[in-house]
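K.L.:
quick one, structure for this:
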Amino acid sequence: MAGTWYPDNPARLVAEMDAYLARAHVDAVTRPLRAIVAPHAGLMYSGPVAAFAYNLVRSSRCTSIVLVGPSHFVPFHGVSIWPEGAWDTPLGPVTVDRELAQAIMSEWRDIVELPAAHGREHSLEMQLPFVAHLLPGVPIVPLVMGRQTRDTAFALGGAIARAVAARAKDTLLVTSSDLSHYEVAATALALDEVVIQCVESMDVGRLMDVLEAEPRHACGGGPMVAVLDAARRLGATDARLLQYADSGDVSGDKSSVVGYMAAAIW
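P.N.:
Residues are numbered from 1 along each chain as shown. The predicted model follows:
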């Protein structure tokens, strides 16, 4: 997506992110940050919202980052992991945490290597400019969820929590999701507020119920459930909405919008 969804020129990319970060004012959090929710649309749309979450991340002392996003193009059962190597970005390569990736894989048999699921996928890639810019040198574990079933979401949450608890306690969890798609802004807000309430109350059971009843609430609802579940298992008790917006705030077109949220969990 470099050169289309975000600048492929390093200086332009940093300048755009820094402009969003400068406008994203958040209150300091004294407790260690466990997880964030961030959107994954083109940077001009999602960046102003994602910057609120990443402004908290920049002070994180995390040693690894687990990224969980939806598969938009390849349907499959379970979860695909990229277990080693590095992901290239205009700001340099972001290394994969091979040890943590192997630990997560060992916790559930349906976490597999399916490179095709990552080939065209943007949900994780749109997080990498902020990661590379604000947390240089911190490795990642990329996970893409296929069919977003209840069993998959909670099995993945458990696998992440067990692996992190045993091996990498200073791991930040990032769930990549946009909210409702192509609704009139007022309708989008009504749909999105339900998801926001579930996140802020850490009610992963209700969130899963909401997504099963009406999948259009979020394209990455399953990954959101998995990360919230993992965070809760790891001791997180609080969540806070940092920012909400929709694509019409940038385009000016409120007749068909995509909703975006940034949230923090600790």
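
K.L.:
only C-alpha atoms for contact and neighbour calcs from this point on.
P.N.:
Fine.

K.L.:
next, the contact list for residue 6, please.
P.N.:
Taking CA atoms under 8 Å, 6 or more residues apart in numbering, we find residue 6 in contact with 13, 42-44.

K.L.:
what do you get for residue 259?
P.N.:
178-181, 188-189, 192, 244-247.

K.L.:
please redo it, this time with the cut-off set to 10 Å
P.N.:
If a contact means CA atoms under 10 Å, 6 or more residues apart in numbering, then residue 259 has 39, 41, 45-46, 177-183, 185, 188-189, 191-192, 217-218, 244-248 as its contacts.

K.L.:
repeat that for residue 22.
P.N.:
Taking CA under 10 Å, 6+ apart, we find residue 22 in contact with 48, 51-52, 55.

K.L.:
what is the three-state secondary structure of the residue lying farthest from the centre of the chain?
P.N.:
Relative to the mean C-alpha coordinate of the chain, counting by CA atoms, centre = their mean, the farthest residue is residue 255 (26.1 Å). At residue 255, secondary structure determined by DSSP: H, G, I helix; E, B strand; the rest coil is coil.

K.L.:
so what's it up against?
P.N.:
If you count contacts by CA under 10 Å, 6+ apart, then residue 255 has 182-187, 248 around it.

K.L.:
in strands, which of these appear?
P.N.:
Secondary structure defined by DSSP state E assigns 182-183 of those to strands.

K.L.:
how about the contacts of residue 255, which pair is most distant?
P.N.:
The largest separation in these, counting by CA to CA, is between 187 and 248 at 12.9 Å.

K.L.:
so the residue farthest from the centre of the chain versus residue 218, what's the distance?
P.N.:
As judged by CA to CA, to the nearest Å, residue 255 and residue 218 stand 18 Å apart.
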